[in-house]
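> coords please:
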Amino acid sequence: MKLIYYPFKPFQISTGTPTIIETGNHEVYRKLLTNFNDMADDLNFGNESLELVATTKAVKWFGDASINTDLNKLFLPQLYKQIKLNLTSEQNQMIIDQSRSLKNYVLEATYSLDLPLDVGEQIMMEKVLKLCDIHFEASLTTDCYGIMETILKTAKELNETRILGFMNISDYLTLNELQEIFKLIRTLDLPVLIIKFSEIQRSVEFNNCRYYYIDQDYVDWRYD
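Numbers count the residues shown, from 1 in each chain. Below you'll find the predicted structure:
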């Protein structure tokens, strides 16, 4: 996938190679963030044939993952569906049998009321999963590295093919943690784009990534 931002040459974003775009130009930085935050098409994406792809179809934007990232809100609806798909036939039957038993207990409890009450027979697997209160561990809310790691692993489990977009991750991860995240991106073979404002180019820190730097004078420096 390529990010097309005139008048610069297209920026290549590939699976398995972290792509970093840093800039010391406030206008360029605002343009990038506005496009991704609003999921607008002010900037364009194109496939290898440069056929245009809508931003919403090209990017899954997480922004600053250290701020108010609710992993449950982000992923649980999709995870319920994925867990349902991953159930073996034996597991599926056991859950159905146990759900019917639970319904019978509830039905018996209604007999204490002199009312014409009944319990539905249909077993909705996603409702059963929600009843089990599946959720991400609470400790992740204060663990910036854990949040990043979980987002990447969850995206892989959900077979996400869009570019995963982040900003400012070097502000809250140590250099060692950054390298571990980059290693994970390569291992999981994910397409990842990271945006950051920086008054200096830092290609040495990201020598194992595809690194682009746009300076204050709109000069485009590339370190592929």
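> Do a quick rundown of the helices in this structure.
With helices called from DSSP state H, the chain shows them at 26-37, 55-58, 71-86, 89-110, 125-131, 144-157, 175-188.
> so can I have TSV of these showing mean neighbour count?
For the C-beta atoms, the positions are set from N, CA and C on the backbone; glycine is no exception. Below are the helices of the chain laid out as TSV (neighbours: other C-beta atoms under 10 Å):
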stretch	mean neighbour count
helix 26-37	16
helix 55-58	18
helix 71-86	15
helix 89-110	12
helix 125-131	14
helix 144-157	18
helix 175-188	15
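> Just give me the lowest mean pLDDT stretch among those helices.
Note on the helices of the chain: lowest mean pLDDT is at helix 125-131, with a mean of 86.
> how many neighbours does Leu87 have?
14 (other C-beta atoms under 10 Å).
> Isn't it up against Ile95?
Yes - because the distance of 7.3 Å satisfies C-beta atoms under 8 Å, Leu87 is recorded as touching Ile95.
> Overlap of the contact sets of the two?
Residues touching both Leu87 and Ile95 (C-beta atoms under 8 Å, 6 or more residues apart in numbering) are Met125.
> that older thread, which of the helices of the chain sits closest to Thr19?
Across the helices of the chain, Thr19 has its closest neighbour in helix 175-188 (9.7 Å, C-beta to C-beta).
> List of residues touching that closest one?
With C-beta under 8 Å, 6+ apart as the contact definition, helix 175-188 has outside contacts at 16-18, 145, 148-149, 152-153, 155-156, 169-170, 173, 192, 205, 208-209.
> circling back: any idea which of the helices of the chain gets closest to Glu48?
Closest among the helices of the chain, once you apply C-beta to C-beta, is helix 55-58, at 12.9 Å.
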